[in-house]
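Visitor: what's the 3D shape of this:
(one chain, ligands or ions: 2)
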Amino acid sequence: MKVMKVVKFGGSSLADAAHVQKVIRIVQSDPERKVVVTSAPGKRFADDIKVTDLLIKYANAIINGTDAKSIVATIFDRYQEIGNGFHVSKSVLDDLKAKLTALPDQSYPNDDYLMAAFKAHGERLNAELFAACLTEAGTQARFVDPSEAGILLSDNPNGATVLEQTYDNLANLTYGEETLVFPGFFGFTKEGNIATFARGGSDITGSILARGLKADLYENFTDVDAIFAANPKIVPDARPIHKMTFREMRELSYAGFSVFNDEAIIPAIQGQVPINVKNTNNPDLPGTLIVPEKDFTSKKPVTGIAASNRFSALYLHRYLLNKEVGFTLKILQILYKYDVSYEHMPSGIDDLTIIFDRSQLDSDTIKKMCHDIQVELNPDTLDWIDDYAIIMVVGEGMRARVGTIENIIRPLAEHDIPVHMINQGASRISIMLGTRQSDADAAVKYIYQHFFKEDPSVNQLEYQAEV
Ligand SMILES: Nc1ncnc2c1ncn2[C@@H]1O[C@H](COP(=O)(O)OP(=O)(O)O)[C@@H](O)[C@H]1O
Ligand SMILES: N[C@@H](CC(=O)OP(=O)(O)O)C(=O)O
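Guide: Ligands and ions are numbered 1, 2, ... in the order given. Modelled structure (predicted):
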């Protein structure tokens, strides 16, 4: 049977012509790489601006009625530099420019949809350009618009989710020998408006296509050699993870391993398509393989340690909370009223902490929500804690081990890092801690050192035995 791979390239892999050259070599080196997903051009150097961020500025200029000419020129330059590197025809570049310039002339249901459509053009124009570059380089390629493929999304313009019907549509997509090039990050609502996933969502498109087109492998090319056991920006010499499970990846990406979008794992799980994260700049390395749980056993307790500062917490204290029927129900009703979801809700006898994703909340909603909770539930203490980070220590091997928690807490105690919350048991493969944001990176470093460096009996020997 013919093997087919979906291959996604992140913005860092498509930042300029030199990177696109490497991407083309990767695609051409393996005929099984039939479906390519592109992000918008990303950062070329540390202080550079991603095209998606330039498009957000462009959209805001139009919304605010300010001049956008220089932003449009800066965005177009990014595509032109790539196109010129491959001698694509002037008409291709003219067409991209015309689409970019015409964005403000389209009609949108509201500013949120306008924003989504502007953002989506980062990937749309890049996929069109990439298909032209690949064809120019000798591989027949075709740009596929998400509307043609039937990628249907929910009505949430800048944080959409995929509708199940997409998979029926993809099953009916017909294609020949040419390589298909899809733009990542966006799709269409049933009403025909462009909607995007949350930031980093091109990974989700790749995963949807891998499931929908029944790929054998989803390769996700980025700018690091592998997924490391800790973010390399926090622990520069962190060990690469050679193999991990879907579930481990989901928990680690949720808690800060931004190398792979946390929602992107779900279509791959549903379709049971393994994922291989690899480096565009070092494509011969094996990278990290993410597989179904049934294909993996691990003896080591910890696979990875992640941290994220994107959280806030609401702490409530009232005596006899445990005896009060309906207390949590009333809180949930207030959250529902303000259309707010919560992330975690650890509780004690008289205490309750509710942890929120801060990026979903504005200060006005927080104020109103806290006010309603104070009035309707009358807690003895109500504290809104903005300075909240979550550390997630994840490993399938944790289930078979006693004492992992002790090994997590000990290095933190030794370095005087206070822990506000510990959640163990809700997920059998992870332990979650709450800390101050300023302690989060240090906490990851010390836990990492403890498990992977200081005491080999804790993790290291088993790690070496496995690789
Ligand atoms: N545990 C981790 N392992 C590897 N990279 C990580 C990890 N956690 C965070 N990262 C970051 O993820 C980055 C790659 O993701 P991203 O910038 O979204 O790439 P792309 O442009 O390919 O989509 C890496 O450069 C690295 O800084
Ligand atoms: N370009 C979009 C979507 C995306 O996934 O990008 P990247 O692959 O560069 O993370 C963003 O910046 O959010």
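Visitor: Do you have the strands of the stretch 151-300 of the chain handy? List them.
Guide: For the stretch 151-300 of the chain, applying DSSP state E, counting those that start in this stretch gives strands covering 179-183, 186-188, 194-196, 217-222, 243-245, 275-279, 288-291.
Visitor: looking at the ones you listed, which is buried most?
Guide: Greatest average neighbour count among the strands of the stretch 151-300 of the chain goes to strand 194-196 (a mean of 26), per mean count of other C-beta atoms under 10 Å. To be clear about C-beta, it is placed using only N, CA and C from the backbone, and glycine gets the same treatment.
Visitor: what lines up beside that one in the sheet?
Guide: Its sheet considered, strand 194-196 pairs with strand 186-188 (antiparallel) by DSSP bridges.
Visitor: Give me the contacts around the strand it pairs with.
Guide: 116, 119-120, 123-124, 146-147, 151-153, 160, 162, 166, 194-197, 201, 205 (C-beta atoms under 8 Å, 6 or more residues apart in numbering).
Visitor: need the strands for the stretch 301-450 of the chain, in chain order.
Guide: So, for the stretch 301-450 of the chain - with DSSP E, counting those that start in this stretch - the strands run 304-317, 351-357, 381-394, 421-424, 430-435.
Visitor: Give me the subset of the contacts of strand 186-188 lying in helices.
Guide: Among the contacts of strand 186-188, the members falling in helices (DSSP state H) are Ala116, Lys119, Ala120, Glu123, Arg124, Pro146, Ser147, Thr166, Thr205.
Visitor: Mind giving me the PyMOL command for buried ones among these?
Guide: Buried members of these, defined by 16 or more other C-beta atoms under 10 Å, are picked up in PyMOL with:
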select buried, resi 116+119+120+123+124+146+166+205
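Visitor: Put together CSV for the ones in helices among the contacts of strand 186-188, with pLDDT and distance to ligand 1 on each row.
Guide: Below are the ones in helices among the contacts of strand 186-188 laid out as CSV (pLDDT from 0 to 100; distance: C-beta to the nearest ligand atom, whole Å):
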residue, pLDDT, distance to ligand 1
Ala116, 98, 19
Lys119, 98, 15
Ala120, 98, 16
Glu123, 98, 11
Arg124, 98, 17
Pro146, 98, 18
Ser147, 97, 24
Thr166, 98, 22
Thr205, 98, 12
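Visitor: farthest-separated two in the ones in helices among the contacts of strand 186-188?
Guide: Lys119 and Thr166 (19.6 Å; C-beta to C-beta).
Visitor: Indicate the residue of this protein located nearest to ligand 2.
Guide: Residue nearest to ligand 2 within the chain: Gly11 (2.7 Å; C-beta to the nearest ligand atom).
Visitor: contacting residues for the closest residue to that residue other than its chain neighbours?
Guide: Leaving aside its chain neighbours, Gly11 sits nearest to Gly42 (2.4 Å; criterion: C-beta to C-beta, 6 or more residues apart in numbering). Shown in contact with Gly42 (C-beta under 8 Å, 6+ apart): Gly10, Gly11, Ser12, Ser13, Leu14, Ala15, Lys50, Val51.
Visitor: Gly42 - that's part of a helix, no?
Guide: No - under the criterion used here (DSSP: H, G, I helix; E, B strand; the rest coil), Gly42 is coil, not part of a helix.
Visitor: quick revisit: against ligand 2, which of the contacts of strand 186-188 make the cut? List them.
Guide: Counting by C-beta under 6 Å from any ligand atom, Gly201 from the contacts of strand 186-188 sit close to ligand 2.
Visitor: and stretch 238-251, how far out from the chain's middle?
Guide: Distance of stretch 238-251 from the chain centroid (C-alpha atoms, centre = their mean, to the nearest Å) equals 14 Å.
Visitor: cool, stretch 430-448 as well?
Guide: With C-alpha atoms, centre = their mean, you get 20 Å for stretch 430-448.
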